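Peer 1: kindly generate the corresponding structure for this input.
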Amino acid sequence: MKAIIQLILLTSVILISAKCKKDDYHREIIIKNNSNSKINFSVSLDYPDTTLPCPFAIYEINTGEEYSDWVRDGWETYIFKPQYYQLFILDPHIIDSLPCDSISKNHLIIKRYQLSVDDLNSMNWIVNYP
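Peer 2: Got it, this is the predicted structure:
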């Protein structure tokens, strides 16, 4: 009987601590386009590969607007050492004119961010471009 009570208490503590931790997770990363032109971006979590992955998902942000990259379980469950959130900023004209493998092979990206959880915390989970 004592073992059952200990098991119930241990399970309760684990569930309560897991619930508290999950509430502290960040579910979104905001990407703001502060430039004077429209940009496209793609994301990768395939570190240590730092090249633009093909095929890639492309998202668009108009000048002065933002995009919320949202996950249900919190980004901390996906970005852990030595993992990074890699954000590739791309020119829409390049994307419209070249295939993905050419863009990746020739490194035709405007900017690449490689961000850890600590980096994102210090940025308040907002990535400003430029």
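
Peer 1: where does pLDDT dip in the protein?
Peer 2: Scanning the chain for pLDDT under 70 picks out the ranges 1-23.

Peer 1: dump the residue contacts of the most centrally placed residue in it.
Peer 2: By Cα atoms, centre = their mean, the chain has its centre lying nearest to Tyr85, at 4.4 Å. When the contact criterion is Cβ atoms under 8 Å, 6 or more residues apart in numbering, the partners of Tyr85 are 29, 43, 45, 75, 78-79, 113-116, 120. Heads up, the C-betas are built off the backbone N, CA and C, glycines and all.

Peer 1: likewise for His107?
Peer 2: 51-52.

Peer 1: what are the phi and psi values for it?
Peer 2: phi 50, psi 50 (degrees, to the nearest 10).

Peer 1: and the gap between it and Phe41?
Peer 2: 15 Å (Cβ to Cβ, to the nearest Å).

Peer 1: try Ser104
Peer 2: If you go by Cβ to Cβ, the gap between Ser104 and Phe41 works out to 14 Å.

Peer 1: neighbour count for the two, which is higher?
Peer 2: Taking other Cβ atoms under 10 Å, Ser104 and Phe41 do not tie; Phe41 has more neighbours (24 against 18).

Peer 1: correct me, but the more buried one touches Gln86?
Peer 2: No - here Phe41 lies out of contact with Gln86, judged by Cβ atoms under 8 Å, at a distance of 10.5 Å.

Peer 1: what is the burial count for Tyr129?
Peer 2: Neighbours of Tyr129 (other Cβ under 10 Å): 17.

Peer 1: list the contacts for it?
Peer 2: Tyr129 makes contact with 31-35, 39, 89, 111 under the criterion Cβ under 8 Å, 6+ apart.

Peer 1: ok, which pair from those residues is furthest apart?
Peer 2: Farthest-apart pair in the contacts of Tyr129 is Lys32 and Lys111; separation 13.3 Å (Cβ to Cβ).

Peer 1: mind checking the end-to-end distance for stretch 96-106?
Peer 2: 16 Å (Cα to Cα, to the nearest Å).

Peer 1: now stretch 86-96
Peer 2: With Cα to Cα as the measure, stretch 86-96 spans 22 Å from end to end.
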